[in-house]
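Asker: Got a predicted structure plus its sequence, pasted below:
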Amino acid sequence: MKIKKKLLSLAAVITTFSSAAAANGYWEYVEVCDYEQVEVQQPKTSCVYSGVLTTYINGYSGINHYSTHTANSHFDCSSSLYESQYRNTFNHSTQEWDIKHYTGVIPLIYQNQHFATSTETVKVEGSCRTEQVWIELCNNCQIP
């Protein structure tokens, strides 16, 4: 029984290749899967901080600073945030540009937990199968 199956398989292969040469193509087995688009909800947390950063270079000065941070999870924001910023400022008395380093701890003013929705293409589980496809050969192709 096994010998007959092998001979039939061999005969099918020989037939396929002999007919492929005459028809300028061949049959090939490929794995084919179905895909679908699904909506995915990603948890997000936004933390908003606002306050004054200060510097003591060439005298005390302060700037208003606003900072927003968003992360891909739900959590409690810290009550304050240390921020640092460099700014070029024009010194009118020396007629030159100064680089000032502002720092400070600014408080949390707003926190928001939400979900961001996106669409992703995913493989349908259990949908993959082997299919036979005809691969056509090119008649006048120049193969390098």
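Answerer: Perfect, I can see it now.
Asker: Quick check, residue 80 in contact with residue 49.
Answerer: Yes - here residue 80 reaches residue 49: they are 7.3 Å apart, a contact under Cβ atoms under 8 Å. From N, CA and C alone the C-beta is placed, and that goes for glycine too.
Asker: any common contacting residues for the two?
Answerer: Here residue 80 and residue 49 share the contacting residues 106-108, scored by Cβ atoms under 8 Å, 6 or more residues apart in numbering.
Asker: In strands, which of the residues you listed fall?
Answerer: Judged by DSSP state E, strands contain the following of the shared contacts of residue 80 and residue 49: 106-108.
Asker: pLDDT and neighbour count for the residues you listed - can I get that in TSV?
Answerer: Conversion of those to TSV gives the following (pLDDT from 0 to 100; neighbours: other Cβ atoms under 10 Å):
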residue	pLDDT	neighbour count
106	96	18
107	97	11
108	97	16
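Asker: Now distance to residue 92 too, for these, in JSON lines please.
Answerer: Converted to JSON lines, those look like this (distance: Cβ to Cβ, whole Å):
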{"residue": "106", "distance to residue 92": "28"}
{"residue": "107", "distance to residue 92": "33"}
{"residue": "108", "distance to residue 92": "36"}
